[in-house]
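Student: Have a look; sequence and predicted model below, questions after that.
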Amino acid sequence: MKTLYFECRMGAAGDMLTGALIDLLPDGERVEAVSALNSLGIDGVKFAVETAEKAGIHGTSVRVLIDGAEEADWMPAYVHHHHDHGHSHDICHEGQEHHHHDHGHGHDVCHEGQEHHHHDHGHDHDVCHEGQEHHHCVHRGMSEIEAILCGLSANENVKNDALAVYRLIAEAESKAHQRPVSQVHFHEVGALDAIADIAAVCFLIDRMKPDEIVVSPVHVGSGVVRCAHGILPVPAPATAEILRGVPTYGGRIAAELCTPTGAALLKYFAARFGPQPLMTVGAIGYGMGKKDFEAANCVRAFWGESAS
C-alpha cells in the first residue's frame with residue numbers, strides 16, 4: 001500500500017507541505033510538477049521553488065509570488081506583524097463564515113465554465129483598497145474563494161479537495177468568532193498565496209495518489225501571535241478549533257508553528273494521526289519554513305510501501 005507520512009515536529013504550513021511533497025520527487029518529475037503548479041491558472045500567481053538549508057538539512061522552499069512579489073510585500077502593517085512569529089500564513093481572520101457543505105470528495109460545487117475573475121461577489125469585494133488590483137485584496141469571502149478554486153486548471157478531485165479544506169477553515173472561524181457564514185471574510189488564508197498553497201498541496205497529493213496518509217502529532221508552538229484582533233495565544237482560536245481531536249503539543253519555541261492552512265490540510269487528508277507506520281521508505285522530502293529556530297524548521301515527508 002502506497003503510504004505518505006508527514007512528520008510535523010515543527011508544525012506545518014501550506015508552503016512547507018508543498019515543499020515536502022515536491023522534495024519527494026525525482027529531479028525530472030520535480031520540474032514537471034512545478035510547471036504544472038504554475039499552470040493552475042490562479043491569476044498573477046507563480047511558484048518559486050528553491051533549495052534551502054535549515055540546521056544543516058537541505059530541502060525545498062516554496063515561495064508564492066503575486067505579480068512577481070511575495071504577498072507579504074504589500075500586505076497592511078497589521079498583517080506583517082504576525083508574519084514575524086512563525087510561518088508565512090499566520091492566522092487571525094475576523095468574521096469568517098461557516099460553510100454548509102460536507103468535507104467529502106463527492107460534493108462538486110464547481111459549475112462548468114465558471115471562471116474565478118469574472119464574477120461579481122457583492123459585499124465580498126468591499127475590503128479592497130481603491131486602485132488595488134482584485135487579486136491583491138487581503139479579505140475574501142467564501143464565494144470568491146470558491147470561484148477561484150473552481151476556475152483552476154485541474155481535475156474535479158483537486159478542486160473539491162481544495163474547497164473542502166477551506167470549509168474546514170471556515171467552520172473553525174465561524175465557531176471561534178461566533179459569526180454566521182455570510183459574515184465571514186478570510187484575511188491571510190484568503191490571500192492568494194494561501195489559496196495557492198492549498199491548491200498546490202491538493203494537486204500534488206492527487207498526482208501522487210497515496211493509498212493512505214498518516215500524520216505525526218503536531219507541534220503547534222507556544223507564546224502569542226499578533227493579528228487584526230489583537231494579541232492571541234498560540235495556537236490561535238481557529239487553528240485550535242481545526243485541530244480539535246488531533247494529537248498536538250506545545251514546547252519551548254515561542255512562535256506559531258502550525259498555521260490554519262497547514263492544520264486544515266493535515267486534518268482533511270490524514271487517515272489517522274500517530275507514529276510512523278511500519279513501511280519501506282522509498283523517498284524522503286523536506287519542506288522548509290521561512291523562519292530559523294534552534295531546531296530545523298521543516299516538515300519531513302516519507303513516501304513508501306506499508307504492509308496494510
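Tutor: Ah, there it is.

Student: In contact with Ile42, which residues?
Tutor: Taking Cβ atoms under 8 Å, 6 or more residues apart in numbering as the contact definition, Ile42 lies against His116, Ile148, Leu152, Leu192, Ile195, Ala196, Ala199. Quick note: C-beta positions are derived from backbone N, CA and C, even for glycine.

Student: State the distance from Pro26 to Trp303.
Tutor: Pro26 is 11 Å from Trp303, where distance means Cβ to Cβ, to the nearest Å.

Student: between those two, which one's more packed in?
Tutor: Between Pro26 and Trp303, counted using other Cβ atoms under 10 Å, the more crowded position is Trp303 (20 against 9).

Student: Can you name the residues bridging to the more buried one?
Tutor: Trp303 has the following beta-bridge partners by DSSP bridges: Leu4, Ala283.

Student: and if you look at Arg63?
Tutor: The partner list for Arg63 in beta bridges (DSSP bridges) reads Ala48.

Student: Let me see the contact set for His223.
Tutor: Check again: residue 223 is Gly, not His. Here Gly223 is in contact with His85, Pro233, Val234, Ala254, Ala255, Glu256 (criterion: Cβ under 8 Å, 6+ apart).

Student: Inside helices: which ones of those?
Tutor: Judged by DSSP state H, the contacts of Gly223 include no members of helices.

Student: So which of these wins on neighbours?
Tutor: Most surrounded of the contacts of Gly223: other Cβ under 10 Å gives Glu256, at 34 neighbours.

Student: That one and Met279, how far apart?
Tutor: 30 Å.

Student: what do you get for Phe293?
Tutor: For Phe293 relative to Met279 (Cβ to Cβ), the value is 28 Å.

Student: One more: Met288?
Tutor: Taking Cβ to Cβ as the measure, Met288 falls 23 Å from Met279.

Student: these two touch, right, Lys46 and Leu65?
Tutor: Yes. Here Lys46 reaches Leu65: they are 4.6 Å apart, a contact under Cβ atoms under 8 Å.

Student: Neighbour count: these two, which is higher?
Tutor: Set side by side, Lys46 and Leu65 show more neighbours around Leu65, with 18 against 15, by other Cβ under 10 Å.

Student: Show me what secondary structure element comes after whichever strand or helix holds the more buried one.
Tutor: Element membership for Leu65 (DSSP states H and E) is strand 57-66. The first helix or strand that comes after strand 57-66 along the chain, using DSSP H and E, is strand 69-70.

Student: average model confidence for that following strand?
Tutor: Taken as a whole, strand 69-70 carries a mean pLDDT of 88.
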